[in-house]
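In: 3D, please:
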Amino acid sequence: MSDGTVRIAFLDVGQGDTIVISLPEQREAVVVDCIDADAVLQYLKHEKIVTVRALVLTHLHADHYRQATAFLDNCERQLGVRCERLILNPLPEEEAPLPDDDSEADIQAKAQDLYNVL
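Out: Residues are numbered from 1 along each chain as shown. Modelled structure (predicted):
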């Protein structure tokens, strides 16, 4: 019987955080924001995560999604599993991405054939 434990880890990856919400017994997780793909993948390996339910990008500023595409590209290669979906919170019409950001369209184009984008 499952003990229902939920683990929430805040990975300090420089400017910003990545949050990993996991169910250790089920060995599954949701990743919130991704600034350092290698750090996230290492943490997931260490925790023996076998299912990544989603990558959630809270908003499209570089300090929240800087290495999201690297995470998505390497999840299967390094963990042996695919991230099941990408969830985006688009920028409001009046707010433009920061100059060093990829556009929302770039991220969606990268993911649309591989992921259920919500």
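In: show me where this protein has helices.
Out: Counting by DSSP state H, one finds helices in the chain at the ranges 37-46, 62-65, 68-79, 104-111.
In: Reformat those helices into TSV and put mean neighbour count and mean pLDDT next to each item.
Out: (C-beta placed from N, C-alpha, C; glycine too.) What follows is the helices of the chain, written out as TSV (neighbours: other Cβ atoms under 10 Å; pLDDT from 0 to 100):
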stretch	mean neighbour count	mean pLDDT
helix 37-46	18	94
helix 62-65	19	75
helix 68-79	18	90
helix 104-111	15	59
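In: Could you provide those helices in TSV, with additional columns for distance to Ile8?
Out: Below are these laid out as TSV (distance: least, Cβ to Cβ, whole Å):
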stretch	distance to Ile8
helix 37-46	12
helix 62-65	17
helix 68-79	18
helix 104-111	25
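In: Can you find the helix or strand in the chain with the smallest mean pLDDT?
Out: Ranked by mean pLDDT, DSSP states H and E, the weakest helix or strand in the chain is strand 116-117, scoring a mean of 46.
In: for Val20, what are its contacts?
Out: By Cβ atoms under 8 Å, 6 or more residues apart in numbering, the contact set of Val20 is Arg7, Ile8, Ala9, Leu11, Ala29, Val30, Val31, Val32, Val40, Tyr43, Leu44, Glu47.
In: Please check those residues and keep the buried ones.
Out: Leu11, Ala29, Val30, Val31, Val32, Val40, Tyr43, Leu44 (16 or more other Cβ atoms under 10 Å).
In: Can you give me the pLDDT of the closest residue to the second one other than its chain neighbours?
Out: Take Ala29 and drop its neighbours on the chain: the residue closest to it by Cβ to Cβ, 6 or more residues apart in numbering is Ser22, 3.9 Å away. In the prediction, the pLDDT value recorded for Ser22 is 96.
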